[in-house]
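Trainee: Need a 3D model of the following:
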Amino acid sequence: MDKVDHAVPLLEVRGVTKAFAGVRALKSVDLSIEAGEVHCILGQNGAGKSTLIKLLAGVYTPDDGEIIWRGEPITITNPVAALDLGIATMYQELDVVDGLSVAENIFLGHEIANAGFINRRKAFKLARDLLRRLGHGDLSPNREVGSLSAANKQIVSMARALSRDTRLIIMDEPSAVLDSEEVKNLFRVVRELTAAGIAVVYISHRLEEIRQIGDRISVIKDGRSTASGLSVTETPTGELIRLMTGRELENVFPPAPPVPVDSPEVLTVTGLTVRGLFENVNFAVRAGEVVGLAGLVGSGRSEILEAVYGALKPSAGTVAIAGVALKPGSVRDAVNHDMGLSPEERKSQGLLLEEPVYRNVTLSTFARFARFSFLNERAERSAARTQIEALELRPADPDRPAGTLSGGNQQKILLARWLVHGTRVLLLDEPTRGVDVGARAEIYALIRKLSAAGTAIVIVSSEIEEVLGLADRVLIIAEGRVLATVAASDIDEHGVLETVMEGSAA
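Mentor: Next up is the predicted model:
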């Protein structure tokens, strides 16, 4: 790597503007990145962060303004040109190819070859070295990526970024699929990179992460720069939130109304087991109660939700709603008994991205809008519009494709679906992943509103603070076993992690 010139910023963005179909996504944005720093970019969903990333990655070109790379104005015409410069991007939506091996994914587009032939042995060795550098030397370079967890796919994406002569790595929500230990490992890698003079642009909605890893912060709101190059240590959290949202946000977790002592038991899970994933899970949820599942990635939390919902067929145990046992492994039976699931991967598992918002909202309730085998689209739109207005979906357009909405608004679509259905039991898996601080507050308020109306809710989140802030009771899970069930008010994040570690060591 060439010697770093600290007198000249590695990258500058000056007055960059970008519009789509006449709508400006970026409006005179400024940014300056120094070699060897972690520069955090904050902004709500829809603020323009993704557009800015794609300009730097060569996916888009600016309509106005300029990009300066190591003191020289440049035009990044395509993603290959960005990589050739030394700009690598890790997107929030994992861009790995499931049908290829880990090593093939890492060197995709710049294969290791001799005389025109792929050198698999050398590629395997280099891939192994990169994975060890990332603290995942146990991940086989020969393994097919489609068989990996979301967390390990993120590691492969990171290894790909490091496989080139990279000077700037853009990380878009890199911790979204990582547990607390994996986040620590990520931060270790980031610090090693910056110590070697590599700059990191770090995008995250988790303000606590910004405090731990960032050096400077820039904020974008409605496509404009509202702050550039703020000191992480000297800028109060309240000021960052104000710069992002234009307002003060207090009491992020709304107070929980007490669950009435005579509230009936709605969901009962008894001895639920899926061999190889989890065993003998027992819990119940009363009407109006929120129960959280807390544990590290890989503990079995999401798989428990999937089995309760019928997406995984249990080896043993039962799931009952209001005393009626559900057919094992039947999503249809769960939905017919008024259970709903907001899945971990909402884009791939929960939404039809090309379909309009109204069709996504009514997806589980088609029978209500059918007459003589034909769907009544007017009735669909009407029902969807009621929820769109109630949930303050933005933009409030039932005909807009779901895939064009921000993460927070996509999550609202899933909540709207189950509100239309009249769900009695709602399972929420990572409900705020990739959602900005303003939208999070809105989703938390919606969860409170649902529980207050009598919905029984089960929530899984990688953020233990979120589980504790929303739940009445918490099941602490490790290695597929429920270690303890405690009142959320009786434990803190440290206590949860301590229980997990003690249970894992037992």
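
Trainee: tell me the contacts of Phe253?
Mentor: 444, 469-470 (C-beta atoms under 8 Å, 6 or more residues apart in numbering). Using the backbone N, CA and C atoms, a C-beta is placed for each residue, glycine as well.

Trainee: Which of these sits closest to Thr237?
Mentor: Ranked by distance to Thr237 (C-beta to C-beta), the contacts of Phe253 are led by Gly469 at 15.9 Å.

Trainee: Distance check, the closest one against Arg242.
Mentor: 21 Å (C-beta to C-beta, to the nearest Å).

Trainee: Equivalent analysis for Arg70, please.
Mentor: Taken as C-beta to C-beta, the span from Arg70 to Arg242 is 34 Å.

Trainee: Could you do Ser218 as well?
Mentor: Applying C-beta to C-beta to Ser218 and Arg242 gives a distance of 15 Å.

Trainee: Please report phi then psi for Val16.
Mentor: Phi and psi for Val16, reported as degrees, to the nearest 10, are phi -80, psi 130.

Trainee: Give me the neighbour count for it.
Mentor: Using other C-beta atoms under 10 Å, Val16 is surrounded by 24 other residues.

Trainee: you'd agree it is up against Asp64?
Mentor: Yes: counting by C-beta atoms under 8 Å, Val16 touches Asp64, with 7.1 Å between them.

Trainee: what separates Gly46 from Asp436, distance-wise?
Mentor: Relative to Asp436, and taking C-beta to C-beta, Gly46 is found at 8 Å.

Trainee: Below-threshold pLDDT in the stretch 301-450 of the chain: ranges please.
Mentor: 366-367, 371-373 (pLDDT under 70).

Trainee: Helices of that one, residue ranges please.
Mentor: 301-309, 331-336, 357-361, 377-390, 407-421, 437-452 (DSSP state H, counting those that start in this stretch).

Trainee: Select, out of the ones you listed, the one closest to Val500.
Mentor: Going by C-beta to C-beta, the one of those nearest Val500 is helix 301-309, 11.3 Å.

Trainee: Kindly format the C-alpha coordinates of the closest one as PDB.
Mentor: Extracted in PDB, the C-alpha atoms of helix 301-309 (Å, rounded to 0.1, in the frame of the first residue of the first chain):
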ATOM      1  CA  ARG A 301     -34.300 -17.900  19.200                       C
ATOM      2  CA  SER A 302     -35.500 -17.500  15.600                       C
ATOM      3  CA  GLU A 303     -36.000 -21.200  15.100                       C
ATOM      4  CA  ILE A 304     -38.300 -21.400  18.100                       C
ATOM      5  CA  LEU A 305     -40.500 -18.700  16.600                       C
ATOM      6  CA  GLU A 306     -40.500 -20.500  13.200                       C
ATOM      7  CA  ALA A 307     -41.600 -23.800  15.000                       C
ATOM      8  CA  VAL A 308     -44.300 -22.000  16.900                       C
ATOM      9  CA  TYR A 309     -45.600 -20.500  13.600                       C
END
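
Trainee: thinking again about what came up before, same drill for Ser218 and Arg242, tell me which one is more crowded.
Mentor: Neighbour count, other C-beta under 10 Å: between Ser218 and Arg242, Ser218 has more, with 24 against 17.

Trainee: check which helix or strand covers the more buried one.
Mentor: If you go by DSSP states H and E, Ser218 is part of strand 216-221.

Trainee: Buried residues in the following helix or strand past that strand, which are they?
Mentor: Toward the C-terminal end, the helix or strand that comes next after strand 216-221 (DSSP H and E) is strand 224-231. Buried residues in strand 224-231, defined by neighbour count with 16 or more other C-beta atoms under 10 Å: 224-228, 230.

Trainee: would you turn those residues into TSV with pLDDT?
Mentor: Converted to TSV, the buried residues of strand 224-231 look like this (pLDDT from 0 to 100):
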residue	pLDDT
Arg224	92
Ser225	94
Thr226	93
Ala227	93
Ser228	92
Leu230	95
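
Trainee: Can you show me the helices along the stretch 101-250 of the chain?
Mentor: Using DSSP H, counting those that start in this stretch, helices in the stretch 101-250 of the chain cover 102-106, 120-133, 150-162, 180-195, 207-213, 237-245.

Trainee: what's the fifth one packed up against?
Mentor: If I follow you right, that is helix 207-213. Counting contacts by 3 or more C-beta pairs under 8 Å, 6 or more residues apart in numbering; DSSP states H and E, helix 207-213 is packed against strand 38-42, helix 180-195, strand 199-203, helix 237-245.

Trainee: Which residue lies nearest the spatial centre of this structure?
Mentor: Arg433 (3.2 Å; C-alpha atoms, centre = their mean).

Trainee: Compute the distance between that residue and Arg286, please.
Mentor: For Arg433, the distance to Arg286 - C-beta to C-beta - is 27 Å.

Trainee: residues in contact with the nearest residue in space to Lys327 that is not next to it in sequence?
Mentor: Nearest residue to Lys327, sequence neighbours excluded (C-beta to C-beta, 6 or more residues apart in numbering): Asp333, at 4.1 Å. Going by C-beta under 8 Å, 6+ apart, Asp333 touches 310, 326-327.

Trainee: How is this protein partitioned into domains?
Mentor: The chain resolves into domains spanning 11-245, 251-338+423-436+455-506, 351-422 when parsed by automatic domain parsing.

Trainee: what's the closest of those domains to Glu345?
Mentor: Evaluated over the domains of the chain, closeness to Glu345 peaks at domain 11-245, with 7.1 Å, by C-beta to C-beta.

Trainee: so how far is the first residue of the closest one from its last?
Mentor: This stretch, domain 11-245, spans 26 Å end to end (C-alpha to C-alpha, to the nearest Å).

Trainee: One more: stretch 140-153?
Mentor: Span of stretch 140-153 from end to end, C-alpha to C-alpha: 12 Å.

Trainee: any weak-confidence spans in the stretch 151-300 of the chain?
Mentor: By pLDDT under 70, the low-scoring segments of the stretch 151-300 of the chain are 247-251.

Trainee: rerun that using 80 as the cut-off
Mentor: Filtered on pLDDT under 80, the stretch 151-300 of the chain yields the residue ranges 151, 176-182, 205-206, 241, 245-252, 296-298.

Trainee: And Val269, how close does it get to Val308?
Mentor: Relative to Val308, Val269 is positioned 6 Å away (C-beta to C-beta).

Trainee: more neighbours, the two?
Mentor: Remark: of Val269 and Val308, Val308 carries more neighbours, 26 against 21, as counted by other C-beta under 10 Å.

Trainee: can I get the helices of the stretch 301-450 of the chain in a markdown table with distance to Leu428?
Mentor: Shown next, in a markdown table, are these (distance: least, C-beta to C-beta, whole Å):
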| stretch | distance to Leu428 |
| --- | --- |
| helix 301-309 | 8 |
| helix 331-336 | 15 |
| helix 357-361 | 17 |
| helix 377-390 | 17 |
| helix 407-421 | 9 |
| helix 437-452 | 7 |
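
Trainee: Can you say which of those is nearest to Thr499?
Mentor: That would be helix 301-309 among the helices of the stretch 301-450 of the chain, by C-beta to C-beta, at 14.2 Å.

Trainee: got the angle for the closest one vs helix 150-162?
Mentor: 140 degrees (axes from the mean of the first three to the mean of the last three C-alpha atoms, to 10 degrees).

Trainee: helices and strands around helix 301-309, which ones?
Mentor: Checking 3+ C-beta pairs under 8 Å, 6+ apart, helix 301-309 ends up next to strand 265-274, strand 278-286, strand 290-294, helix 331-336, strand 339-342, strand 425-429, strand 456-460.

Trainee: if you set the cut-off to 6 Å instead, what comes out?
Mentor: When contacts are defined as 3 or more C-beta pairs under 6 Å, 6 or more residues apart in numbering; DSSP states H and E, helix 301-309 sits against strand 278-286, strand 425-429, strand 456-460.
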